[in-house]
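In: 3D, please:
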Amino acid sequence: MNAEDWIRRLALAPHPEGGWYRRYYTSTNHQHYPSHNATRPSASAIYYLLKAGEFSAFHKIKSDEIWHYYTGTTQLRIYVLTSNGNLEIRQLGTENGALPQQVIPAKTFFAVELSGISAADYALVGCTVSPGFDFADFELGDKADLQARYPQHAGLLDKLCI
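Out: Predicted structure coming up:
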């Protein structure tokens, strides 16, 4: 299967941060989370796909997020901006030292791109969020603001912000 086959099979739609997604699970258990100042499901999960030429732009959410690698022609490179301004580069996949799961801590700016460079490359992953995801908890990174805060990463921020 290729990226377009997966998009059709899983009924994926464009995601505001880039790539393709569909929520396939939302917990029926809801509770109030002081960290979110709101009631949220205890967990949610999506399918997420990146294909050649796409990326997940720098963003953050108020919940922890676990990325799970499923399949594809290449792995993913996750760029995490730490609270002290360092950049962590994590590989999501199953080969060459990559890990099949990566955890992104709550309130942490990160972006994702494909490791491969072929026009046919893609990666299909899952993202599990706890407490469950709500777009009210989503913040797309502002390029100018992030470059002012992290000037040492200005080139990467220019490339992976929208």
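In: buried set for stretch 19-27?
Out: Neighbour counts over stretch 19-27 (16 or more other CB atoms under 10 Å) mark 19, 20, 21, 26 as buried. Placement of C-beta: from N, CA and C, glycine included.
In: Then stretch 118-131?
Out: By 16+ other CB under 10 Å, the buried positions in stretch 118-131 come out as 121, 122, 123, 124, 125, 126, 127, 128, 129, 130, 131.
In: Narrow these to those in strands?
Out: Under the assignment DSSP state E, the buried residues of stretch 118-131 contribute 122, 123, 124, 125, 126, 127, 128, 129, 130 to strands.
In: Throw these into JSON lines and include distance to residue 37 and pLDDT, thanks.
Out: Output for those, formatted as JSON lines (distance: CB to CB, whole Å; pLDDT from 0 to 100):
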{"residue": "122", "distance to residue 37": "37", "pLDDT": "97"}
{"residue": "123", "distance to residue 37": "34", "pLDDT": "97"}
{"residue": "124", "distance to residue 37": "34", "pLDDT": "98"}
{"residue": "125", "distance to residue 37": "29", "pLDDT": "98"}
{"residue": "126", "distance to residue 37": "27", "pLDDT": "98"}
{"residue": "127", "distance to residue 37": "23", "pLDDT": "98"}
{"residue": "128", "distance to residue 37": "22", "pLDDT": "98"}
{"residue": "129", "distance to residue 37": "17", "pLDDT": "98"}
{"residue": "130", "distance to residue 37": "17", "pLDDT": "96"}
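In: which one of those sits closest to residue 68?
Out: Nearest to residue 68 among those: residue 126, at 4.3 Å, using CB to CB.
In: thinking again about what came up before, could you dump the buried residues of stretch 19-27 to a markdown table with distance to residue 77, pLDDT and secondary structure?
Out: As requested, those are exported to a markdown table (distance: CB to CB, whole Å; pLDDT from 0 to 100; DSSP: H, G, I helix; E, B strand; the rest coil):
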| residue | distance to residue 77 | pLDDT | secondary structure |
| --- | --- | --- | --- |
| 19 | 14 | 98 | coil |
| 20 | 18 | 98 | strand |
| 21 | 19 | 98 | strand |
| 26 | 29 | 98 | strand |
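In: Just name the closest of these to residue 111, please.
Out: Taking CB to CB as the measure, residue 111 lies nearest residue 19 of these, at 11.0 Å.
In: dump the residue contacts of residue 71.
Out: The contact partners of residue 71, by CB atoms under 8 Å, 6 or more residues apart in numbering, come to 1, 123, 124.
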